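Q: take this sequence and fold it.
(one chain, ligands or ions: 1)
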Amino acid sequence: MDLTHRPRRLRQDRVRDLVSETSLEPADLIAPVFVDATTDERTPIESMPGHDRVPIDGIVARVEEVLETGVEAVMLFGIPESKDAEGTRAWAEDGVVQEALRRVTSETDAYVITDVCLCEYTDHGHCGPLEEELGSEAVVEGGPACEPTMTVDNDATLDALERIAVSHARAGADMVAPSGMMDGMVGTIRSALDEAGFEHVPIMSYAAKYESAFYGPFRDAADGAPSFGNRRHYQMDPANSREAMREVRLDAEQGADVMMVKPALPYLDIVASVRREFDHPVAAYNVSGEYAMLHAAAEKGWLDLEAAATESLLSIKRAGADLILTYFAEDIAERL
Ligand code: PBG
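A: Residues are numbered from 1 along each chain as shown. Coordinates of the predicted model:
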């Protein structure tokens, strides 16, 4: 047997780091944080161990905890004090995210990205105002009468997204991240930001966001579960990958600065394709379900949490992500 080729030579302790192809840096991680206008107390999120909803008064302290670990960027999500059919609290000048932004940006050095969406602000929990789906009232002759299907009104939602993005920029957001998967959202927000004098504020688009079962814990955390139906009319079908390239291309044409794929681990093929086909920085969102399942297994003693989390994040990097949004950000950064 010819054993000229022995890959194991480079796996010896003193050389493995020299030849390692991928590494994790705190500077690549973004920590999601939740600010809650309905409470005066910090409340643990049961399905996301180690994460809390914090009151507006506590948000600066929360962000400082993140910064102490070496992570420099946060993604801010808000839970408003009240909801309505249109989600009007999402763009209120004194809204929860706007208040939090003013404090965090004046009192800390964090780079603050905001989630621009309506699902936490509408009373029905969908990502925009509703309309009857065209054609859905049609009844098959002789068949049972059926209720019209309600769906999110794309173009009405765009108006709201503009207002939200501009209100976040005014309150100090460093970057905005539209997550509603509405057609045309990036272009609309880009023009609105430019007109309002925020040409320098980048957009990170949730470009390929799938209708995923892995968002469950987040919907508890942010109180944004749809009260009926699901999000399959606007988020992507997990069966599709070419469609993700189409979504990313459209967002590129509309001026998105960073392309996000979400979730991360079940969609590493999409992360790799976006990396190959586009020159934009690629972000991947290691979502709440990906976090919760490792915690649940570790709690049972079935796997080593730190090792499994590190391996997950490294895999996301290896697939091609430049940035990772993850609930593990602080824990991992502290160990790097
Ligand atoms: C929507 C939004 C969601 C997440 C981030 N932004 C929820 C959804 O689409 O239902 C999920 C993040 C996670 O699961 O960690 N504004």
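
Q: okay, and the beta partners of residue 260?
A: residue 206, residue 283 (DSSP bridges).

Q: where does residue 115 land in three-state SS?
A: Look at residue 115: counting by DSSP: H, G, I helix; E, B strand; the rest coil, its state is strand.

Q: can you check residue 66 too?
A: Classification of residue 66 using three-state DSSP returns helix.

Q: cool, and residue 47?
A: coil.

Q: same question, residue 294
A: Going by three-state DSSP: residue 294 is helix.

Q: okay, now the residue lying closest to it once chain neighbours are set aside: neighbour count?
A: Closest residue in space to residue 294, ignoring its immediate chain neighbours: residue 308 at 5.1 Å, by C-beta to C-beta, 6 or more residues apart in numbering. (C-beta placed from N, C-alpha, C; glycine too.) Applying other C-beta atoms under 10 Å, we find 17 residues neighbouring residue 308.

Q: just residue 103 next, same as before
A: For residue 103, the count of nearby residues is 18 (other C-beta under 10 Å).

Q: residues contacting it?
A: Taking C-beta atoms under 8 Å, 6 or more residues apart in numbering, we find residue 103 in contact with 56, 59-60.

Q: where along the stretch 101-250 of the chain do the strands fall?
A: Using DSSP state E, counting those that start in this stretch, the strands of the stretch 101-250 of the chain run over 111-116, 130-132, 150-152, 175-178, 204-209.

Q: so which bits of the first one are buried?
A: Neighbour counts over strand 111-116 (16 or more other C-beta atoms under 10 Å) mark 112-116 as buried.

Q: which of these sits closest to the ligand?
A: residue 115 (5.2 Å; C-beta to the nearest ligand atom).

Q: before we move on, what's the pLDDT of that closest one?
A: Residue 115 carries a pLDDT value of 97.

Q: distance of residue 219 from the ligand?
A: Per C-beta to the nearest ligand atom, to the nearest Å, residue 219 is found 6 Å from the ligand.

Q: which of the contacts of residue 103 has the largest number of neighbours?
A: Greatest neighbour count in the contacts of residue 103, by other C-beta under 10 Å, goes to residue 59: 26 neighbours.

Q: show me what the host helix or strand of it is packed against.
A: Applying DSSP states H and E as the criterion places residue 59 in helix 59-68. If you count contacts as 3 or more C-beta pairs under 8 Å, 6 or more residues apart in numbering; DSSP states H and E, helix 59-68 packs onto strand 29-36, strand 52-54, helix 96-107, helix 329-335.

Q: list the strands paired with the next helix-or-strand element following that helix, with their directions.
A: Next helix or strand after helix 59-68 toward the C-terminus (DSSP H and E): strand 73-79. With DSSP bridges as the test, strand 73-79 is paired with strand 29-36 (parallel), strand 111-116 (parallel).
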